[in-house]
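Enquirer: Fold the following, please.
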Amino acid sequence: MRPAGLALSARLCQRRVAAAVSGPSRISRSALSSRQISTGNGSPWSVAKLLELDLSGQTGPEVPKVVVNGFIRSVRAMKSRYFVALGDGSSLAPLQALIPKEQAEGLSIGAAIRLTGSWVPSPAAGQSHELHVDNVQVLGPSDAKTFPIQKKYQTPEFLRTMPHLRPRTPFNSVMLRFRSEVISSLTRFFASRDFIQTQPPILTSSDCEGAGEVFSVVPATKKESELEHSFFRGPKYLTVSTQLHLEALAQSVGRVWTLSPTFRAERSDTSRHLSEFYMLEAEMGFVDQLGGVMDVLEDMLRFTATDLYQSRVAQELRAPAKDKSASDAAGDRASPEQVNERWQGLMQASWPRLTYTEAIEMLNAEHHQLEHKPVWGEGLQSDHEKLLARIVGKGKPVFITHYPRDIKAFYMLPTAGREHVSAVRETVDCFDLLVPEFCEIAGGSMREHRLPQLLDAMTRNGIVTPTEGSTSVASSDESITIAGPLDWYADLRRWGCPPHGGFGLGFDRLLGYLSGVQTIRDTVTFPRWYGRCDC
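Expert: Coordinates of the predicted model:
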């Protein structure tokens, strides 16, 4: 039986799913007067707020003295006036402004301008209103001949060569807003579950995952003899995960979470890997079962998808592209139908859960569809994960649990019980979360909370060295000490360490999944990967 907090959140999600069939909220006529009052002193409107106005059936100038700031996306000269498409990042769609020819000096693509005029009904198809401009201020001129972002299709590869300008394109501004709204929604979820947001360190003294794919941190000095050990009196690294530090913080306040940058020195050139990316990680004390950790992750993702489904940014991500000639058209994204299916899948209840062993058996039965042969004791390949997500999830995410001990991290709790472990097939209490088409986006585990067993695992993985004449540093005497960069982590088990567990979510992968973006290089503002660190 779930705790009351879980049940309350589930009921809230159900109500939001039911409400999701209606369209986005718009500013009604009754609310307009208060909005006019707030802008009567000339404070700017956003493009999004103007486009949301519900003024259907009205005639004449509906909103006088409108002030709006933005950047010119396109300019079209007519006989007596100019048509300008203006964007400010608040909306995927631009605002159309009609500007008298005598005020058109300096109007060019990319220019930053301020317009003052009246928001009136438009006779043109495809738009309800347009801005009739009385005054133009060019606040930041732009040379249209040299401005790299033009009103034509430009490939994601080309846009990645100018990460400092790429955010100005319509879709990339949507991604910035989407990132912000997802963070806000996640913050609301964790607050409702009494999690404390924390800020673990980025500089660490150890490699949490033990994979050796870390960036070393050294001071910029001309003396080579001082490069490695002088500043911190030992080698230090950029963090690959904040998990170990979160475990320490969870022993203070029970439940903690963070959204932090992490770094991997992987020489991977795939659509799913970056050298710098964001991880959402959470740790929970006094958790006895792996299922409780999975429940929180499932509820979190369902809450966020349901919470944002009706938002402007989510509807923009699911809408068909209207302008195929735009600088960042949706040709390199999943179809709107696919994106909507992904949102719907996250909002559904009761995601399937199966063990790694069951998954291997299922994959062997479908081996004719696979490029790589599934073998117990080896990691799942991308084609394995995609097949499992498709045939088991059927649109929903899928949890794969209880992987072999030898292919997982040292800190994971060994599985207890005959159903998941045998003399030759030892497993650990862990899981990966697979989503259709996109593979793994999250993983978690119960943590080993007993000192002797943790020291055994650290020895087995070569993290600590046994004392002379022994094969292990573990002992029933919990006063035993070890020396090394993870001695503090062992200390957490010495004094009052309860059963606990947690998970990590690839935040940029989640954004890519829900936006339909094919590579996470296009979900972050300044992507870094092997061979590339621009700006």
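Enquirer: How is this protein divided into domains?
Expert: 37-147, 168-202+239-449+498-522 (automatic domain parsing).
Enquirer: Comparing those, which yields the minimum mean pLDDT?
Expert: Lowest mean pLDDT of those: domain 37-147, a mean of 88.
Enquirer: my guess is G506 meets F277, correct?
Expert: Yes: between G506 and F277 there is a contact at 6.9 Å, judged by C-beta atoms under 8 Å. The way it works is simple: take the backbone N, C-alpha and C, and place the C-beta from them, glycine included.
Enquirer: where do the contact lists of those two overlap?
Expert: Residues touching both G506 and F277 by C-beta atoms under 8 Å, 6 or more residues apart in numbering: I520.
Enquirer: so the residue lying closest to A490 once chain neighbours are set aside, which of the three states?
Expert: Spatial nearest neighbour of A490, chain neighbours left out: I482 (5.9 Å); criterion: C-beta to C-beta, 6 or more residues apart in numbering. What DSSP: H, G, I helix; E, B strand; the rest coil gives for I482 is coil.
Enquirer: In contact with I482, which residues?
Expert: I482 neighbours (C-beta under 8 Å, 6+ apart): 455, 458, 464, 473, 490.
Enquirer: In a markdown table, list these along with pLDDT.
Expert: A markdown table is the format used below for the contacts of I482 (pLDDT from 0 to 100):
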| residue | pLDDT |
| --- | --- |
| L455 | 93 |
| M458 | 91 |
| V464 | 79 |
| V473 | 52 |
| A490 | 94 |
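Enquirer: elements contacting the helix or strand that contains A490?
Expert: Counting by DSSP states H and E, the secondary-structure element that holds A490 is helix 487-491. If contacts are counted by 3 or more C-beta pairs under 8 Å, 6 or more residues apart in numbering; DSSP states H and E, helix 487-491 sits against helix 243-253, helix 451-460.
Enquirer: Would you enumerate the residues in contact with T262?
Expert: With contact set as C-beta under 8 Å, 6+ apart, T262 has these partners: 238-242, 276-279.
Enquirer: do R233 as well
Expert: Per C-beta under 8 Å, 6+ apart, neighbours of R233: none.
Enquirer: still on that earlier bit, how much distance is there from the helix holding A490 to the middle of the chain?
Expert: On the basis of C-alpha atoms, centre = their mean, to the nearest Å, helix 487-491 sits 31 Å off its chain's mean C-alpha point.
Enquirer: Can you identify the element that follows that helix toward the C-terminus?
Expert: The helix or strand immediately downstream of helix 487-491 is strand 500-506, counting by DSSP H and E.
Enquirer: Partner strands of that next one and their direction?
Expert: Under the criterion DSSP bridges, strand 500-506 sits next to strand 276-285 (antiparallel), strand 439-447 (antiparallel) in its sheet.
Enquirer: What angle do strand 500-506 and whichever helix or strand comes after the longest one make with each other?
Expert: This means strand 276-285. Where DSSP H and E defines the elements, the next helix or strand beyond strand 276-285 is helix 290-308. Interaxial angle, helix 290-308 versus strand 500-506 (axes from the mean of the first three to the mean of the last three C-alpha atoms, to 10 degrees): 40 degrees.
Enquirer: who touches the next helix or strand along the chain from helix 290-308?
Expert: Scanning forward in sequence from helix 290-308 by DSSP H and E, the next helix or strand is helix 312-318. Under the criterion C-beta under 8 Å, 6+ apart, residues 24, 48, 52, 91-92, 174, 177-178, 181, 308, 336, 339-340, 343, 514-516 lie in contact with helix 312-318.
Enquirer: try 6 Å
Expert: Residues from elsewhere that reach helix 312-318, judged by C-beta atoms under 6 Å, 6 or more residues apart in numbering: 24, 92, 174, 177-178, 181, 308, 336, 339-340, 515.
Enquirer: Those into TSV, with extra columns for secondary structure, distance to W257 and neighbour count?
Expert: What follows is the contacts of helix 312-318, written out as TSV (DSSP: H, G, I helix; E, B strand; the rest coil; distance: C-beta to C-beta, whole Å; neighbours: other C-beta atoms under 10 Å):
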residue	secondary structure	distance to W257	neighbour count
P24	coil	29	11
L92	coil	30	24
V174	helix	26	21
R177	helix	22	19
F178	helix	20	20
E181	helix	18	17
L308	helix	18	22
P336	helix	32	15
V339	helix	27	21
N340	helix	28	18
S515	helix	23	26
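Enquirer: can you pull out the helices in the stretch 51-200 of the chain?
Expert: 156-160, 170-192 (DSSP state H, counting those that start in this stretch).
Enquirer: before we move on, the earlier item: tell me the pLDDT of the residue nearest to A490.
Expert: I482 carries a pLDDT value of 73.
Enquirer: re earlier: what's the closest of the strands paired with strand 500-506 to V293?
Expert: Closest of the strands paired with strand 500-506 to V293 is strand 439-447, at 5.1 Å (criterion: C-beta to C-beta).
Enquirer: So which elements touch the lengthiest strand in the chain?
Expert: The strand that spans the most residues within the chain, counting by DSSP state E, is strand 63-77. Applying 3 or more C-beta pairs under 6 Å, 6 or more residues apart in numbering; DSSP states H and E, one finds that strand 63-77 contacts strand 81-87, strand 112-121.
Enquirer: What residues sit buried inside that strand?
Expert: By neighbour count on 16 or more other C-beta atoms under 10 Å, the buried set for strand 63-77 is 63-64, 66-75.
Enquirer: Rebuild the helices of the stretch 51-200 of the chain as CSV, extending it with distance to E385.
Expert: Converted to CSV, the helices of the stretch 51-200 of the chain look like this (distance: least, C-beta to C-beta, whole Å):
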stretch, distance to E385
helix 156-160, 24
helix 170-192, 23
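Enquirer: Ok, which of those helices comes nearest Q103?
Expert: Of all these, it is helix 170-192 that lies closest to Q103, at 25.1 Å by C-beta to C-beta.
Enquirer: ok, the nearest residue to I72 once chain neighbours are set aside - contacts?
Expert: Leaving aside its chain neighbours, I72 sits nearest to A111 (4.9 Å; criterion: C-beta to C-beta, 6+ apart). Contact analysis of A111 by C-beta under 6 Å, 6+ apart lists 72, 138, 141-142.
Enquirer: Widest-spaced pair of these?
Expert: Across these, no pair lies farther apart than I72 and P141, at 10.4 Å, counting by C-beta to C-beta.
Enquirer: ok, the residue nearest to I72 to I149 distance?
Expert: Distance, A111 to I149, using C-beta to C-beta, to the nearest Å: 12 Å.
Enquirer: Distance check, S43 against K65.
Expert: As for S43, its distance to K65 is 11 Å (criterion: C-beta to C-beta).
Enquirer: Oops, could you answer that again for H372 instead?
Expert: With the distance defined as C-beta to C-beta, H372 ends up 65 Å from K65.
Enquirer: Could you report the separation of the closest residue to V293 other than its chain neighbours from E247?
Expert: Of all residues beyond its chain neighbours, the one nearest V293 is G501 (4.3 Å), with distances taken as C-beta to C-beta, 6+ apart. Per C-beta to C-beta, G501 is found 10 Å from E247.
Enquirer: for N172, same thing?
Expert: Taken as C-beta to C-beta, the span from N172 to E247 is 36 Å.
Enquirer: go on, Q348?
Expert: In terms of C-beta to C-beta, Q348 sits 32 Å off from E247.
Enquirer: Tell me which of those two has more neighbours.
Expert: E247 (22 against 15; other C-beta atoms under 10 Å).
Enquirer: What residues does that one make contact with?
Expert: E283.
Enquirer: How about the one 3 residues further on?
Expert: Contact partners of A250, counting by C-beta under 6 Å, 6+ apart, are 256, 283, 285.
Enquirer: Go through the residues you listed and say which is closest to D429.
Expert: Closest to D429, out of all of the contacts of A250 and judged by C-beta to C-beta, is E283, at 14.7 Å.
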